[in-house]
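In: Model the structure of this input:
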Amino acid sequence: MESYLNENFGGVKAKHSSDEALGRWRSVVGVVKNPTRRFRFTANLGKRSEAAAMKRSNQEKLRVAVLVSKAALQFIHGLPPQGDYAVPADVKAAGFGICAEELSSIVESHDVKKLKSHGGVDGLVSRLSTSASDGLAADNNKLMSARREVFGVNRFAEAEQRSFWVFVWEALQDMTLMILAACALVSLLVGIATEGWPHGAHDGLGIVASILLVVFVTATSDYRQSLQFKDLDKEKKKITVQVTRSGYRQKLSIYELLAGDIVHLSIGDQVPADGLFLSGFSLLINESSLTGESEPVAVSAENPFLLSGTKVQDGACKMLVTTVGMRTQWGKLMATLSEGGDDETPLQVKLNGVATIIGKIGLAFAVVTFAVLTQGLFWRKLADGSYFSWTGDDALELLEFFAIAVTIVVVAVPEGLPLAVTLSLAFAMKKMMNDKALVRHLAACETMGSATTICSDKTGTLTTNHMTVVKACICGKIKDVNSSAETKTLPSDLPASVVAMLLQSIFNNTGGDVVLNQDGKREILGTPTEAAILEFGLSLGGEFSAVRKASTLLKVEPFNSAKKRMGVVIQLPGGALRAHCKGASEIILASCTRYLDEHGNVVALDGATTDHLRATIDSFANEALRTLCLAYVDVGEGFSANDQIPMDGYTCIGVVGIKDPVRPGVKESVAICRSAGITVRMVTGDNINTAKAIARECGILTEGGVAIEGPDFRVKTEEELQELIPKIQVMARSSPLDKHTLVKHLRTTFDEVVAVTGDGTNDAPALHEADIGLAMGIAGTEVAKESADVIILDDNFSTIVTVAKWGRSVYINIQKFVQFQLTVNVVALIVNFSSACLIGSAPLTAVQLLWVNMIMDTLGALALATEPPNDELMKRTPVGRKGNFISNIMWRNIMGQAFYQFLVIWYLQSQGKWLFGIEGANSDLVLNTIIFNCFVFCQVFNEVSSREMERINVFQGILDNNVFAMVLGSTVVFQFIIIQCLGSFANTTPLSFTQWMSCIAIGFIGMPIAVAVKMVPVE
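Out: The predicted structure is shown next:
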């Protein structure tokens, strides 16, 4: 079976499956009872191709608009302002000088002429009744309300939540249920005509009641799943941006943005609405999501247009929001793209294959069963000479045969198999949200369970990301600055000129900011590293705003993970230009030719001083401190904003050591991974000594493990990499390309299933390449999150281990359910088929089989597919890339249990009357009731045995799963009601206490049988 599944259903991957692969397995699938329900959670390829065509059309329109605007730009500047725009009366009455449609056309069409006619960006700021410095006045409720009314809100059209009755209707689309409903109708008509009301209606009403029960239980389960996915979808859309309102910087949800808002964007952010550039530096925008152009666009005062859905590739800026929601180009695109749906997961596809195989076998059995039963009826009528005389009872008997055949198809086609994957994934995703992990793609849940390698960042994942400067080497002196008292005394030990230069470097060369919040308290904004440096500068007695105002910022090159540095050029009060840079200590130190000595003089950097500084960097790094070097160089007057910031000739100001403690619980989590057969590798941009110190503390770097730097890794040959990569435990000073190369080799050359963490924009290729991309929820950029499969909301490595545990739980839960369902399939098929062939009647009626189907399908999935993970899961080796889903262990358990159940039912059929001492006219009915009861209790106890496929103790943690206990309890209660109270409808008769106890005992014996079977060794 596994080879057939791999051949026909194995082309679908966890990520980036081709439309051809997605279409191929659909063409192979056969015997689908309810396509609407079966394919609800699979990609709609038709809708997807429509959306792609519409996207291409939109891209082409936008590309043409961009090209036309660029071509016209050089002619526009000399034109006088055009004054032909008339403000609509309602817009004017609301207090605005421009309407939403005019704003939309300016930005979407990149219309420089129109923009100039409105007074440029400053003119639009005025017309939108906002302020470029203070933003919207949030306390003016009347104007804010009018703003929402005139310009709309930043929300996109979403599909309405489907009601419960839609799921009921979908459950009714099941072809076999419709055929059974038709059988029930005929049975009602014939029964009432021959036997009268109400006795003649019992069989027909029994089938109707069973169908309704199946439909409502199925619809309830599906509806709950849809609500879970809806909740998760809301979580995925929680994106915040930095906004200035009422003069204060604050975080706001992108859905709260209004036209006129002032938004602050930096590297990795997604532009949240259409808008215009106000101020900023080195801004490069990736517009490929809209225009299809991979080349980034430089946005500046000359080309100020920013479009929603595009990404900030480099630089930072302040943006004026002009158009929001469905008026933006992105809003229109999202409306078409959302209908395509997500790709189905490999497990869903594989289980569709299993359902297809069993369905075809079941259909063949059903046809043969019907033929054998019908033949028996005809032979009987031939024998008694009534071949040409047909009564209502004969018609009802023939109808019952047909109903049994159809019900065999109902039982045999395990429609619930693919849906059990979705149920388990939905349950796991909901629980993982509580454990601080947001799953963006369904397939990531199951793939994470097979992970063999985790490539983790250091900063913020293995460490707390709460940084403080604890050591500094300035003017050649090493100082501890662990406390505020020590920091305050530092300026008195240094020349005033050095302190001034240090503060100038800290406060100008930063991606952070120091602002007053709404409570009037000082707040530091920016990355943890920037915040630590700024806090250090403030502790030295520096005034952020005063230092910034003393000079003019001319050019900014934001931190780049490839260059490992950040630089700025400022104009000093006298007109002279100076460049400041900071970054990886050894890289910045290599760019320096001078340093500031203990008297504040600039002196040449000799060998002895260089060695001293390098030794200082190493000593800081060996204490697990992140090191940064600060330097400056005076720039000639010929420098322009288009020139590159100098790369060498710098004067070293000093080196700082930043403490970032290891997160509690990381060492234990790494040990859990090791016992689970998962290799943890640290991939960081930090100094190798810092990385090694942290890796040892975490338990990642072990004896025999290799720590290597990115530049050394890059120059290795393929043969060297083949030998080196399995030993690598730490890669320091790595570039995003190094991480991508490592991941690609692990996946392709070594066939590992790789999970990768990332937070920056440049991590996107590695996140995309990995089997499971894990983005950081706090430190991660929107670009990284969009490329990821799972977002770690607390940036904690321990959460990654929890994701792996849940992934294994999903995989094993589905295996348990498949084992349970296949056992019921095998037994129900063989019993009904063999009985029909050998005895001429089926022991299980249509109503009884429908009840059994519900036990094994919807209720079985609920019970087994929602088992929470246990610690034992992380003591097994990972499945990896080539593990068989239906394992030999499962086949052993299925065959052992099926053999026992088959023997029991056959023995009861042949010797049951003697065993239970049944006599009288209704002895056949009593025996069939006992057989039905035994069969159901065999499934109940088999469900308990299926909780563990290998372990003997199946009761451990059984009460931790409330769903399992509830399903088991409700099954037993309903079984009692069916036997004792619904005899006329279910073809049963009330049983005595002794008979009940015997049925339960026969079912229970299946458990020690399961224990004995588990002791049989398999490969």
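In: Run through the strands of the stretch 751-900 of the chain in chain order.
Out: Ranges of strands within the stretch 751-900 of the chain are 754-758, 772-776, 790-792, based on DSSP state E, counting those that start in this stretch.
In: go on, the stretch 351-500 of the chain?
Out: 437-439, 453-456, 468-474, 477-480.
In: Which positions within stretch 208-218 qualify as buried?
Out: Across stretch 208-218, burial judged by 16 or more other Cβ atoms under 10 Å covers 208-211, 214-215, 217-218. Heads up, the C-betas are built off the backbone N, CA and C, glycines and all.
In: Out of those residues, which sit inside helices?
Out: Of the buried residues of stretch 208-218, the ones assigned to helices by DSSP state H are 208-211, 214-215, 217-218.
In: what distance separates the helix with the most length in the chain from the centre of its chain?
Out: In the chain, with assignment by DSSP H, the single longest helix is helix 797-838. The chain centroid and the centroid of helix 797-838 are separated by 24 Å under Cα atoms, centre = their mean, to the nearest Å.
In: coming back round to it: got the strands of the stretch 351-500 of the chain as CSV, with distance to K230, mean neighbour count and mean pLDDT columns?
Out: Output for those, formatted as CSV (distance: least, Cβ to Cβ, whole Å; neighbours: other Cβ atoms under 10 Å; pLDDT from 0 to 100):
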stretch, distance to K230, mean neighbour count, mean pLDDT
strand 437-439, 14, 24, 86
strand 453-456, 31, 25, 92
strand 468-474, 42, 22, 92
strand 477-480, 54, 14, 89
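In: Which among these is found nearest to R614?
Out: strand 468-474 (10.9 Å; Cβ to Cβ).
In: and that closest one, which strands flank it?
Out: Each strand paired with strand 468-474, and its direction, by DSSP bridges: strand 477-480 (antiparallel), strand 650-659 (antiparallel).
In: what's the most buried one of the ones you listed?
Out: Ranked by mean neighbour count under mean count of other Cβ atoms under 10 Å, these are led by strand 650-659, which reaches a mean of 23.
In: how far out from the middle of the chain is it?
Out: The answer for strand 650-659 is 40 Å, by Cα atoms, centre = their mean.
In: Please write out the alpha-carbon positions of it in CSV.
Out: Extracted C-alpha coordinates of strand 650-659, given in CSV (Å, rounded to 0.1, in the frame of the first residue of the first chain):
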residue,chain,number,x,y,z
TYR,A,650,38.2,55.4,10.8
THR,A,651,39.2,56.4,14.3
CYS,A,652,38.2,53.9,17.0
ILE,A,653,36.1,55.5,19.8
GLY,A,654,35.7,52.3,21.8
VAL,A,655,34.3,48.8,22.2
VAL,A,656,31.2,47.9,24.3
GLY,A,657,30.2,44.5,25.7
ILE,A,658,26.5,43.8,25.8
LYS,A,659,25.0,41.2,28.1
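In: any idea of the mean pLDDT for that strand?
Out: Summarised as a single mean, pLDDT over strand 650-659 is 94.
In: could you point out which element follows that strand?
Out: For strand 650-659, the following helix or strand on the C-terminal side (DSSP states H and E) is helix 666-675.
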